[in-house]
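K.L.:
What would the 3D arrangement of this be:
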Amino acid sequence: MDETKPLKVRLTFCVLLVGVSLLFAAVVTDHWAVLSPRVEDFNATCEAAHFGLWRLCTKRIHVQKQSAKETGCGPISLPGAHNCSYFKHFTPGLSSEIFEVTTQKEYSISAAAIAIFSVGFAIIGTICVLFSFQKKRDYLLKPASMFYTFAGLCIIISVEVMRQSVKRMIDSKDTVWMEYSYSWSFACACSAFVLLFVFGIVLLLIALPRFPQNPWETCMDAEPEH
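P.N.:
This is a model prediction of the structure:
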């Protein structure tokens, strides 16, 4: 057995834990996208919004003079009255001015459901790795690597669903939102995908049996794992 294998597994697992942390941060926070309407009067207030997988938050901000290229409301970090609503509260006639209710609800449910699968895969993968640290349980590294890879794939699919959601909303003729930007929760999700997918594959390569090092050495002659 490769004497450096336990060290490689632990280092890879540490990186994967960073990916899992970023995944949890992305799923539970609501800064995936920031929306703002077009501003014409710079002596009034405007309402910007940011949302994630579970809720949308609006903030009423006093409009500040911007450059000629910047016509939106914000930035969202400015102080203002803050109000949040979970997506299950969105019903026709109540918040239709914020979202196209039917379309956005379908997108939000899809993105959230896929993200839940990603979290589930990440948790199962972590449990498998922890159990693999016990003697004669190295075989658990292979399924763990696949679970991490699946978690990465699920979260990037959720990202794409969210991206299509924002794009479709902005392109709608009925929406009040004219400008958008992706925020730090979105960046966390993309970073989680890279770490979970890439290092999931790395963990799989580490877990695979050692290949023969010489042309005359067969797989049966290779040093067995203990």
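K.L.:
Please make it C-alpha for all contacts and neighbour counts, starting now.
P.N.:
Noted.
K.L.:
right, and the helix or strand after the lowest-mean-pLDDT helix or strand in the chain?
P.N.:
Using mean pLDDT, DSSP states H and E, strand 80-86 stands out as the lowest-scoring helix or strand of the chain, at a mean of 70. Per DSSP states H and E, the first helix or strand lying C-terminal to strand 80-86 is helix 101-132.
K.L.:
List the buried residues in whichever helix or strand comes after that next one.
P.N.:
Later in the chain than helix 101-132, the nearest helix or strand by DSSP H and E is helix 141-171. When burial is assessed from 16 or more other C-alpha atoms under 10 Å, helix 141-171 yields the following buried residues: 141-159, 161-163, 165-166, 169-170.
K.L.:
ok, now stretch 182-202?
P.N.:
For stretch 182-202, using 16+ other C-alpha under 10 Å, the buried residues are 182-183, 185-202.
K.L.:
among the residues you listed, which are in strands?
P.N.:
Tyr182 (DSSP state E).
K.L.:
Let me see the mean pLDDT of whichever strand or helix holds Ser36.
P.N.:
Element membership for Ser36, per DSSP H and E: strand 33-37. The average pLDDT within strand 33-37 is 80.
K.L.:
could I have that strand exported to PDB, CA atoms only?
P.N.:
Taking C-alpha atoms only, strand 33-37 is exported to PDB below (Å, rounded to 0.1, in the frame of the first residue of the first chain):
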ATOM      1  CA  ALA A  33     -28.700  37.700  -7.600                       C
ATOM      2  CA  VAL A  34     -29.300  41.400  -7.100                       C
ATOM      3  CA  LEU A  35     -32.100  43.100  -9.000                       C
ATOM      4  CA  SER A  36     -32.700  46.800  -9.600                       C
ATOM      5  CA  PRO A  37     -35.200  48.900 -11.500                       C
END
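K.L.:
Okay, now the sheet partners of that strand, with direction.
P.N.:
When pairing is defined by DSSP bridges, strand 33-37 lines up against strand 45-51 (antiparallel), strand 177-182 (antiparallel).
K.L.:
Can you list the low-confidence ranges for the chain?
P.N.:
Applying pLDDT under 70 to the chain picks out residues 1-2, 38-44, 62-82, 87-106, 173-177, 210-226.
K.L.:
how about a cut-off of 90?
P.N.:
In the predicted model, the chain carries pLDDT under 90 at residues 1-6, 30-112, 133-139, 162-183, 208-226.
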